[in-house]
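> Have a look at this fold, sequence not included:
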């Protein structure tokens with residue numbers, strides 16, 4: 001990740017290396033399905049603007065969700081974009097269907113300042 005770009009835009013994300021180490025620890029401790037960690041790494045290599053994780057099944061009432069892949073765009077100036085899919089192919093399709101981030105532009109004045 002380009003730390004200069006992050007600091008210049010005033011955005012904060014944990015270090016990418018720390019994220020990868022934590023993801024590997026989660027995969028080990030939460031017993032992710034075989035090949036899931038490698039699939040996350042492969043998806044991130046194909047789509048470098050996104051972070052990819054595996055989410056366990058959530059059985060909390062009103063927040064139920066099956067186990068799935070989850071991706072979030074890392075540097076989006078308007079908002080975070082999230083994609084959920086049960087498999088690698090579905091996540092790739094969701095990422096490709098998501099519009100690219102808008103570029104920030106300085107607002108234009110409607111009329112010139114009087115001075």
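Thanks, I have it. Note that the structure is predicted; figures quoted are calculated from it, not measured.
> going forward, measure contacts and count neighbours with C-alpha atoms only.
OK.
> What does the pLDDT read for the most centrally placed residue in the chain?
For the chain, the residue lying nearest the average C-alpha position, counting by Cα atoms, centre = their mean, turns out to be residue 72 (1.9 Å). With respect to pLDDT, residue 72 has a value of 90.
> List the residues that contact the closest residue to it other than its chain neighbours.
Counting by Cα to Cα, 6 or more residues apart in numbering, the nearest residue to residue 72 once its immediate chain neighbours are dropped is residue 82, at 4.5 Å. By Cα atoms under 8 Å, 6 or more residues apart in numbering, the contact list for residue 82 reads 70, 71, 72, 73.
> Now that we have these, which of them are buried?
70, 71, 72, 73 (16 or more other Cα atoms under 10 Å).
> is it fair to say the third one lies in a strand?
Yes: the assignment for residue 72, made by DSSP: H, G, I helix; E, B strand; the rest coil, places it in a strand.
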